Structures are given as structure tokens and as C-alpha cells.
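[1] Dropping the sequence and predicted coords here.
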Amino acid sequence: MNLIQIENLSHSYSNTKALEEVSINIKEDDFLAIIGPNGGGKSTLLKLILGLLPIQNGKILKNIKNSEVGYVPQNTNLNIDFPITALEVVLMGHIKRKRKIFGYAKEDIFCAMNSLKQVGMEKFADKKIGDLSGGQRQRVFIARALCSNPKILMLDEPTASIDVKGQQEIYELLKELNKSIAIVVVSHDLTILLNYAKDVAHVNRTLVYHSLKEVQRSVTLSDDHLCEVELLTALGKTQICCNHEH
Ligand code: ADP
Ligand code: MG
């Protein structure tokens, strides 16, 4: 089933055309990686899907509620000095719920602990977020996005500036989550592109969509010097649903 259908979506900021005639569907079991150059329009696309920007041209049809789209923004490591615990970070995902005068409602804490459990961070509930590793902190932010029981989880560069072990844990977590929800991830991380994502959308004002199955078969066998350029070359060679030029 299509959770989100995007049809001929265009978006301009005063005199910059950020997106032009973009069309793509997101299905319930998708694991879509979005790649493309800086300024290519990736964040604009996510913001339009999230309803953070008004639709100017084209359509976004949602078969799910806005609250069923979870979002992990880029650079969530910014406020790590803020003295709050992992549990409190996740509780902040409940802003629409009833807040008690002192502390949080029991059911909110129960739900937040559940989200922490889903990402394997329940033991760290009372730790200050500043004391966690980058990967652990990212998992806490993913837990926060899971609070509303999303059908789609969208992440903007989730593994940037995280150590290798932490990255590995996030990949495995995303794979596990993808058994029940769709994953849309802005990432240039080759491990995600080659081993986890099922499809890739290259966004540079226009969007070119590729199924990754064939690409993965042809490039994972090569050595570890593979770079994004080589991957893109491989993508170009497959010509799967592609009638654009790169
Ligand atoms: P990406 O996430 O792929 O780096 P963005 O979606 O952030 O790309 O940006 C796409 C284009 O739109 C860029 O040229 C950028 O400068 C421009 N842009 C993004 N946000 C704004 C804004 N709020 N006001 C004006 N121009 C913007
Ligand atoms: Mg961006």
C-alpha cells in the first residue's frame, strides 16, 4: 500500500527553484535512501512531506495521519550540554499529551520507556544525554520519533559524525524497525546504501528513482575502495526506472 504519494511536486524559495516536478511513492515496507548534492533539495522534500512547508505546486497524498510520520532531524547532537536525561528527551516527543503539573503522566512514562526499549536504550533512561555516546544519543532521538507510533520514520543524515560501532547499531536498528515501518533516510553512507536501503532517490532539483537490488548485487562484490561516485556510476548503468540524465 502507498503510504504517501508525491505527484509533480515543485517548490521555490523567493528566486531559487529547489524542487521541480518531483514524483515518488512511499510504501509501507520501503527503505528509501535519499542522496544528492548539498543544496539539491533533500531537506526541502522532507519538510514538504512533514507539512513544515506549504505545498506550492503538485500534490502530496497521505494515506496516514501527520502524526504517523516520525522525524529525526539532522544534527541532534547540538544541545548535548543540556542537563536532561534520555527518558526526558523521549518524553518531549509527547508534547501533545496531557502534562501533569508535577512531572509526566504515568502512561507517558510507560510509553517513553517502551520506545527506549525498542531502540535498546532502556537501561540508559536516567543517564544525562551528554554522557551518552553519539550513537546512543541518536538512538534516543529515534526513540523520541517512535513515540507517536509512526508508519514512516524519516531521518536526516542519522549516522553522520557517529563512530563505526555506533553506526552499525543504528543500521541494525533501522533494519529491525523496517520490519514494521517504512524508513526514509537522507544519507551518503555507503553501508546504508549498499546493505540496507532497498531503493534510492537521487535529488538534485529533480528526483531520479532507482531500485537498488541490481546495483547491490553488482557492487557489493567489489573491494572496499568503492566511493559514492562509483555507486552513482553503477546506478547510472542499471537504468532501472531512469529516463533522466544525471
Ligand atoms: P539539501 O538538503 O539537499 O542540501 P535544501 O533543500 O536545504 O537542500 O535546499 C535546496 C535549495 O533551496 C538550496 O539552493 C537552498 O539554498 C535553498 N533553500 C533552502 N531553504 C531555503 C530557505 N529557507 N530560504 C531560501 N532558500 C532556501
Ligand atoms: Mg539538507
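    Structure received. Ligands and ions are numbered 1, 2, ... in the order given.

[2] Around ligand 2, pick out the residues from this structure.
    For the chain, the residues in contact with ligand 2 (C-beta under 5 Å from the ion) are 42, 43. Yep, even glycine has a C-beta here, placed from its N, CA and C like the rest.

[3] For beta bridges, what are the partners of the closest residue to residue 24 other than its chain neighbours?
    The shortest distance from residue 24 to any non-neighbouring residue, by C-beta to C-beta, 6 or more residues apart in numbering, is to residue 6 (5.0 Å). With DSSP bridges as the criterion, residue 6 is bridged to residue 24, residue 60.

[4] Residue 31 too?
    residue 183.

[5] cool, and residue 128?
    According to DSSP bridges, beta-bridge pairing links residue 128 with residue 85.

[6] give the contact list for it.
    With contact taken as C-beta atoms under 8 Å, 6 or more residues apart in numbering, residue 128 is in contact with 83, 84, 85.

[7] cool, residue 186 as well?
    Here residue 186 is in contact with 33, 34, 35, 42, 43, 46, 74, 155, 156, 157 (C-beta under 8 Å, 6+ apart).

[8] if we can go back for a sec, from the contacts of residue 128, which shows the smallest pLDDT?
    Least confident of the contacts of residue 128 in the model: residue 83, at 83.

[9] Name the nearest residue to it, sequence neighbours excluded.
    Residue 83 sits nearest to residue 128 (C-beta to C-beta, 6+ apart), 6.0 Å away.

[10] ok, the closest residue to ligand 2 within the chain to residue 23 distance?
    Nearest to ligand 2, among the residues of the chain, is residue 43, at 3.2 Å (C-beta to the ion). Distance, residue 43 to residue 23, by C-beta to C-beta, to the nearest Å: 19 Å.

[11] With that, I have no additional questions.
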